[in-house]
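In: for reference, the sequence and a predicted model appear below.
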Amino acid sequence: FYNNRGDARYNKGDLNGALTDFDAAIKLNPKYAGAYSNRGLAYYRKRDMTHALADYTTRIKLATDMIAYIDRGNVYRDSEQLDRAAADYSEAIKMAPADARGWRNRGLIRLYQSDYKRGIADYDRALQYDPSDVFSWNNRGQAKMRLGDKQGAIADFRKALELKPDLSTAQESLRRLGAM
């Protein structure tokens with residue numbers, strides 16, 4: 001009951017009410033991984049990264065799955081703990097190698113770390129599994145642009161815009177490359 005009501009409150013934007021319900025759900029069943037995941041997301045939305053990390057870590061201990069590693073990786077990413085984020089995304093890839101989300105997220109970390117060649121390799125894999133992922137097209141284009149592959153970058157930005165015509169980062173990049 002509490003976890004479901006917490007979800008409803010979360011979806012209405014009542015983060016404090018959601019946290020109260022997730023706390024109650026965890027008190028009733030301290031081994032319920034879903035409540036930790038939901039509470040972690042509420043803390044994440046409130047930008048309380050310390051509590052979000054603690055809840056996602058508990059979630060991983062109780063019920064490890066790919067999404068748990070991606071969720072915790074996102075907190076690490078937004079806390080600028082990029083090596084830890086990359087490690088969690090790598091764990092997600094090991095658990096579900098045919099799921100684009102792990103590859104896409106790790107690719108982003110590699111871009112942040114200026115490791116463009118490995119970022120492109122991750123985006124290649126993400127696009128192999130999800131060719132409609134506009135952000136993988138765009139981000140791979142960013143990496144190619146930084147490596148001096150103008151034609152490859154232009155092709156990727158155009159594909160991103162084909163999928164999402166209003167994607168401003170792809171539009172701006174094409175303008176910078178003289179291709180728009």
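Out: Here it is on my side, so go on. Numbering: from 1, shown residues only.

In: show residues contacting the helix or strand of the chain with the lowest mean pLDDT.
Out: Counting by mean pLDDT, DSSP states H and E, the weakest-scoring helix or strand in the chain turns out to be helix 2-11, with a mean of 87. With C-beta atoms under 8 Å, 6 or more residues apart in numbering as the test, helix 2-11 has contacts from 15, 17-22, 24-25, 28, 32, 34-35, 38-39, 41-42, 45. Yep, even glycine has a C-beta here, placed from its N, CA and C like the rest.

In: buried ones among these?
Out: Burial by neighbour count, 16 or more other C-beta atoms under 10 Å: within the contacts of helix 2-11 this picks out 15, 17-22, 25, 32, 34-35, 38-39, 41-42.

In: what is the most widely separated pair among those?
Out: Spatial extent of the buried ones among the contacts of helix 2-11 (C-beta to C-beta) is set by the pair 15 and 32 at 19.5 Å.

In: next step: the buried ones among the contacts of helix 2-11 restricted to helices.
Out: Filtering those for membership in helices, criterion DSSP state H, returns 15, 17-22, 25, 34-35, 38-39, 41-42.

In: any chance of the residues you listed in JSON lines, with distance to residue 119 and pLDDT too?
Out: Shown next, in JSON lines, are these (distance: C-beta to C-beta, whole Å; pLDDT from 0 to 100):
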{"residue": "15", "distance to residue 119": "33", "pLDDT": "89"}
{"residue": "17", "distance to residue 119": "40", "pLDDT": "92"}
{"residue": "18", "distance to residue 119": "35", "pLDDT": "93"}
{"residue": "19", "distance to residue 119": "35", "pLDDT": "93"}
{"residue": "20", "distance to residue 119": "41", "pLDDT": "91"}
{"residue": "21", "distance to residue 119": "39", "pLDDT": "93"}
{"residue": "22", "distance to residue 119": "35", "pLDDT": "94"}
{"residue": "25", "distance to residue 119": "39", "pLDDT": "93"}
{"residue": "34", "distance to residue 119": "33", "pLDDT": "90"}
{"residue": "35", "distance to residue 119": "35", "pLDDT": "93"}
{"residue": "38", "distance to residue 119": "31", "pLDDT": "92"}
{"residue": "39", "distance to residue 119": "32", "pLDDT": "94"}
{"residue": "41", "distance to residue 119": "26", "pLDDT": "92"}
{"residue": "42", "distance to residue 119": "31", "pLDDT": "94"}
